[in-house]
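[1] Below is the sequence, then the predicted model.
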Amino acid sequence: MGVTTSTSLGKLRDNPVLQKFVGSAAVAEGDEFWKELLLFSHTQGGNPAEAKLWDESTTPLVESLVKNNPSSGNLRSLIKVCLEYASSLRDEANCESNVLTWRVHNALLILRTSLKYMLLNLTEEEVILQIDGSTTVPQLTTLQVRTTENRAEELSPTPAGLGTLGQRLNPSIDPSSGTDQAKGREKEKGVVELPVGVDSPIPSVTATELISMETLLSRQLVEGVVSLLADVPLLPFTYDIHVEAINLFLVLLSTQMFGGGASGSVLLQHVMSVSSDLAVLLVQCLLHHVTTSPPLPPEHFRSQSTGIISSITSGLWWLVSPTRSSGSGTTATGSGVSPSPLRDHALLLLLVLSHQQTGGYNPFRSALASFTDERSASPFSISLEKLYLALCQQLHNEQTTLFLYLLLQGNANFASFIFSRSDIDLLVLPVLQQLHSCGQQSSHHVYMLLILLLILSQDDCFNKSIHELTVARVPWYSDRVVANISLGSLMVMVLVRTIQVNIAHVRDKYLHTNCLAALANMSSHFHSLHLDAARKLVNLFKLLAKKNQRMTERLKGPKDDTAPQTQYSDYATEQQIVEEILQMVLEIMNSCLTHSLHHNPHLVYSLLYQREVFEPFRTHPSLMDLVHNIETVITFFSSRLEKTGPSPYSSAFVLETIVQASKSWPRNRLRVFPELKFRYVEEDQPDEFFIPYVWTLVFKSSSLYWDSSRIQFSATV
């Protein structure tokens, strides 16, 4: 944390300048006091530990501000001063003024610190009144006031809101799972009538019931922060201003983390009601940060001070700027200070803004869906090439994976651009690497990675191209040494491995459902499958066949009278799931054999080698037709081998015989089943999954400190 210590932070509460700001005496907007207050040098070190120390040190001051601000109005004055200073920064020449940039940054820091405490400890209505003023209403006898029991609904992240597949592979989702939340939202709308005397202060009435939206200072603050991010140029002197403005924006929307859903949120209404033009400018700015990953500028650009300012600040706050070298501090992920905190926080803000489902128009999601490539004549265009490369380099981050999903689902221009890429391996390989280490990833990250592959596999051109790209080395693949393998074969291996791990440890039906759906979409395009990929596919069937046999024996055997009845019901359900997977694996192999047997001799070889595993299913009611096709292939190629002479045969000889016999294989020999095609379909109310998930990412990945004990949904997703 550099030279900033808890001792120096502990002196803040005794500082006379800060005491005046949080005190009961009003300070006019034009008072020279604001210049004195905002001339200090402090930038946080980029990790939650330092942010926590800062929050704890400033808590007594903010408590005094909450108590005195209704009468002093100093918070409102600071907001106006901040907006005035920020408007001056739109001129690039003014950005080189160390004094002005300091004042704007410090004003944003104080506002973020104060509002973060208020939003955590007060109702949103009370926070709005702190910003917009305690209003008196003459000649009213009743007011609509929210009851405290209607403050919030608790959001629980669950895959139930994530999405489904368009055909048979539909995860078992209870359509009534959102009933309680829906009731909670309906309950939020309830009001009670309270008697109010003439000219009485309003303790908890929403500001929108009293003042027009356009004149609210809280709305001006939201629009001012948006304008600052969109209009103030990014220079070394303004880097920390952009980061702090994004942090303030995240704080303004953070009521959702603490149980305040989208329903009835005044601050969220302010954000969602910004003009489309302003939303486009903000999204364009944030996308630029995500694409270019602006690095931390040299320290002297952000904290250097002239002699006179240095002497003033040293007497005010007794606080100096912490040193933020690449070797100090840790982020929420514990990987050290991010080389580009602006990129990281810009991405988080994009996710938060884009996933707000308020039941109406979302200008930020609309803007994100509208951008085109810079070579087009569109007014909102960026370099899709640079964005694609930037995202491929960051797919180890959950937030990048989720953002790529958002773009594939929401921006047709970007999706078409990705499907046209000849270097799609730049995207697929990082996804496969993360899936290969799925035991180290959160379950939700694994879901999103699989959904990305499922969406990609819906495109026939993608399914063909991945078998034309060769991967020279795969150092992260731990099962065996893999080299010179097609991207398609590697994708088959990783997906099958994911299913095997899931069956052995996790047993998540949603997970293997998406794996099988992606494999099914790819199956008719399998081409020159690597021997390891073919073996894994057949071995998956063998593994499931053994599991199914054990379950059958368990269910047919004598019952244990001491075991609960539900145990046998669970066995039957698990066996049904295993049989469904067996059927899908058979359909995947059938699809490949029907469409491209002559291009996949290694699959035929693996079937011959493991022929005995299919015999128990010759009479199985739902599998016999599929097994018949497999045995037809086995019989045909076995007969060709027998004609060459007695066994044993070498592997090379068997493979060469298969290649030659494939030329005379009658393609109409197999029964043709309906083509396997599955599409990912997002749920009608995806916010039940995505809003908690996005805020979980903010909790884990931002440099801000969030009190986990106050969060109203799981932060361990």
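    Looks like it came in fine. Numbers count the residues shown, from 1 in each chain.
[2] Verify the contact between Phe403 and Val352 for me.
    No: counting by C-beta atoms under 8 Å, Phe403 stays clear of Val352, with 11.3 Å between them. In short, each C-beta sits where N, CA and C put it, glycine included.
[3] Quick check: Tyr571 vs Pro616, distance?
    In this structure, Tyr571 lies at 19 Å from Pro616, with C-beta to C-beta, to the nearest Å as the measure.
[4] wait, Val672
    As it turns out, when the distance is counted by C-beta to C-beta, Val672 lies 25 Å from Pro616.
[5] before we move on, back to that, please say which of Phe403 and Val352 ends up with more neighbours.
    Of the pair Phe403 and Val352, Phe403 is the one with more neighbours under other C-beta atoms under 10 Å, namely 24 against 21.
[6] ok, the closest residue to Leu540 other than its chain neighbours - contacts?
    For Leu540, the nearest residue in space outside its immediate sequence neighbours is Val496; the separation is 5.1 Å by C-beta to C-beta, 6 or more residues apart in numbering. Contacts of Val496 were listed using C-beta atoms under 8 Å, 6 or more residues apart in numbering, and they are 515, 519, 533, 536-537, 540.
[7] Ok, Met522 next?
    Contact criterion C-beta under 8 Å, 6+ apart gives 457, 463, 466, 488, 491-492 as the residues in contact with Met522.
[8] do that again at 10 Å, thanks
    If a contact means C-beta atoms under 10 Å, 6 or more residues apart in numbering, then Met522 has 453, 456-457, 460, 462-464, 466-467, 488, 491-492, 495, 588, 591-592, 676 as its contacts.
[9] now do His602
    Each residue near His602 by C-beta under 10 Å, 6+ apart is listed here: 489, 526, 528-535, 537, 655, 658.
[10] What score does it have for pLDDT?
    The pLDDT attached to His602 in the predicted structure is 97.
[11] Now do the SS call for it.
    Here His602 is recorded as helix under DSSP: H, G, I helix; E, B strand; the rest coil.
[12] Among the contacts of His602, which one is most surrounded by other residues?
    When neighbours are counted by other C-beta under 10 Å, Phe526 leads the contacts of His602 with 29 neighbours.
[13] which residues of the stretch 1-150 of the chain fall in strands?
    Defined through DSSP state E, counting those that start in this stretch, the strands belonging to the stretch 1-150 of the chain, from first to last, are 142-145.
[14] low-confidence ranges in it?
    Applying pLDDT under 70 to the predicted model, the residue ranges of the stretch 1-150 of the chain that meet it are 1-10, 42-46, 92-97, 134-150.
[15] In the stretch 301-450 of the chain, what residue spans correspond to strands?
    Counting by DSSP E, counting those that start in this stretch, the strands of the stretch 301-450 of the chain are 372-373, 381-382.
[16] Pipe these into CSV and attach mean neighbour count per row.
    Conversion of the strands of the stretch 301-450 of the chain to CSV gives the following (neighbours: other C-beta atoms under 10 Å):
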stretch, mean neighbour count
strand 372-373, 17
strand 381-382, 18
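[17] could you dump the helix or strand hosting the residue nearest to Leu540 to CSV, C-alpha only?
    Element membership for Val496 (DSSP states H and E) is helix 487-501. Coordinates of each C-alpha in helix 487-501 appear next as CSV, following Å, rounded to 0.1, in the frame of the first residue of the first chain:
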residue,chain,number,x,y,z
LEU,A,487,-9.3,-27.9,-33.5
GLY,A,488,-12.5,-29.9,-34.0
SER,A,489,-10.9,-33.1,-32.6
LEU,A,490,-9.6,-31.2,-29.6
MET,A,491,-13.0,-29.7,-29.0
VAL,A,492,-14.5,-33.2,-29.0
MET,A,493,-11.9,-34.4,-26.5
VAL,A,494,-12.5,-31.5,-24.1
LEU,A,495,-16.3,-31.8,-24.2
VAL,A,496,-16.2,-35.5,-23.7
ARG,A,497,-13.8,-35.1,-20.8
THR,A,498,-16.1,-32.5,-19.3
ILE,A,499,-19.0,-34.9,-19.4
GLN,A,500,-16.8,-37.6,-17.8
VAL,A,501,-15.8,-35.3,-15.0
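[18] Show the average pLDDT along the next helix or strand after that helix.
    Proceeding C-terminally, helix 487-501 gives way to helix 509-523 as the next helix or strand, assigned by DSSP H and E. In this model, helix 509-523 has an average pLDDT of 93.
[19] Just the C-alphas of helix 509-523, formatted as CSV.
    The C-alpha coordinates for helix 509-523 follow below in CSV (Å, rounded to 0.1, in the frame of the first residue of the first chain):
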residue,chain,number,x,y,z
LYS,A,509,-27.6,-32.4,-15.8
TYR,A,510,-27.6,-28.9,-17.1
LEU,A,511,-23.8,-29.2,-17.7
HIS,A,512,-23.7,-32.4,-19.7
THR,A,513,-26.9,-31.4,-21.6
ASN,A,514,-25.0,-28.5,-23.2
CYS,A,515,-21.9,-30.6,-23.8
LEU,A,516,-24.0,-33.2,-25.7
ALA,A,517,-25.9,-30.5,-27.6
ALA,A,518,-22.6,-28.9,-28.9
LEU,A,519,-21.3,-32.4,-29.9
ALA,A,520,-24.6,-33.2,-31.6
ASN,A,521,-24.4,-30.0,-33.7
MET,A,522,-20.8,-30.8,-34.7
SER,A,523,-21.4,-34.5,-35.4
